[in-house]
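> Give me a model of this one.
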Amino acid sequence: MRVVIIGSGRGSNAEAILAAQQAGKLGRAQVVRIFSDRADAGILALGPRFGVPAEYLDPAPFKTKLEGEGEARYIAAVQACAPDLVVLAGFMRVVKPGFLNAFAGKIINLHPSLLPSFPGLDGIGQAWRRGVKITGCTVHRVTLEVDGGPILDQQAVRVEPGDTLDSLAAKVHAAEHALLPAVIARLSEGA
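Just a heads-up that it's a prediction; the model follows:
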């Protein structure tokens, strides 16, 4: 299964995927390309470290969504990779119908909450401010509804009395780093 990763940030989830691949724990999946909408994103540095081509793609003209000329660039670049799976790993843009239709049924996303609770930005902070006792992360298929696609799997994280927002975020990120590669591995085996 050919996998393309798209992200906007430091790339800790992409790194977890690539480390799982390097350790032979990604099933039949193979990451073939990394793209980022930010030229300075840490995710791009992972390419040389793991021997995977990594490239900045201009997402313009919009700042928070992938639409118009930027969407066309992403569709063309990702299609050139012939992916079986497109993983949004910290991609901080809303994808629109053109991109979704180009890769129908092939796009998954990782979200830092137990969806359907706390969709959108800052899932961990939303959970913290609400005072929940259990939060976590979710891998789901991407649809037009932001963080509303079918759930593939979730990992719960207990909020302990001594937790701070930072310690909770660290626990959720650790859960993400285990969950996302495991879901990709299962998908690659047809599960």
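> Dihedrals phi and psi, P112?
The phi and psi torsions at P112 (degrees, to the nearest 10) take the values phi -80, psi 50.
> Tally up the residues packed near the residue nearest to it when sequence neighbours are not counted, please.
Nearest-residue entry for P112: G123, 4.2 Å, with adjacent residues in sequence omitted and distances by C-beta to C-beta, 6 or more residues apart in numbering. Every C-beta, even on glycine, is put in place using the N, C-alpha and C of the backbone. For G123, the count of nearby residues is 22 (other C-beta atoms under 10 Å).
> Got phi/psi on the most centrally placed residue in the chain?
When C-alpha atoms, centre = their mean is applied to the chain, the residue found nearest the centroid is A89 (2.0 Å). Main-chain dihedrals, A89, degrees, to the nearest 10: phi -120, psi 90.
> Quick check, it in contact with R10.
No: at 10.6 Å, A89 does not count as touching R10 under the criterion of C-beta atoms under 8 Å.
> where's P181 relative to V139, distance?
In this structure, P181 and V139 are 10 Å apart, going by C-beta to C-beta, to the nearest Å.
> no, scratch that, I was asking about E15
Counting by C-beta to C-beta, the gap from E15 to V139 is 16 Å.
> residues touching the residue nearest to the centre of the chain, list them.
I5, I6, G7, G11, N13, A14, I17, I43, L110, L180 (C-beta atoms under 8 Å, 6 or more residues apart in numbering).
> The same query, at a cut-off of 10 Å, please.
5-9, 11-17, 34, 43, 108-110, 176, 180 (C-beta atoms under 10 Å, 6 or more residues apart in numbering).
> Mark which of those residues are part of helices, please.
Assignment to helices by DSSP state H places the following of these there: S12, N13, A14, E15, A16, I17, I43, E176, L180.
> Closest to A54 out of those?
Minimum distance to A54 across the ones in helices among the contacts of A89 is 7.1 Å, recorded for I43 (C-beta to C-beta).
> And the pLDDT for the closest one?
You'll see I43 listed with a pLDDT of 97.
> Thought A16 was touching it, still the case?
No: contact criterion C-beta atoms under 10 Å: I43 and A16 do not qualify, at 11.7 Å.
> the more surrounded of these two?
The residue with the greater number of neighbours, taking I43 and A16 and applying other C-beta under 10 Å, is I43; the counts read 27 against 22.
> who touches the closest residue in space to the more buried one that isn't next to it in sequence in this structure?
On the basis of C-beta to C-beta, 6+ apart, the spatially nearest residue to I43 that is not a chain neighbour turns out to be G11, at 3.1 Å. With contacts defined as C-beta under 10 Å, 6+ apart, G11 is in contact with 5, 17-18, 34, 36, 41-47, 49, 54, 89-90.
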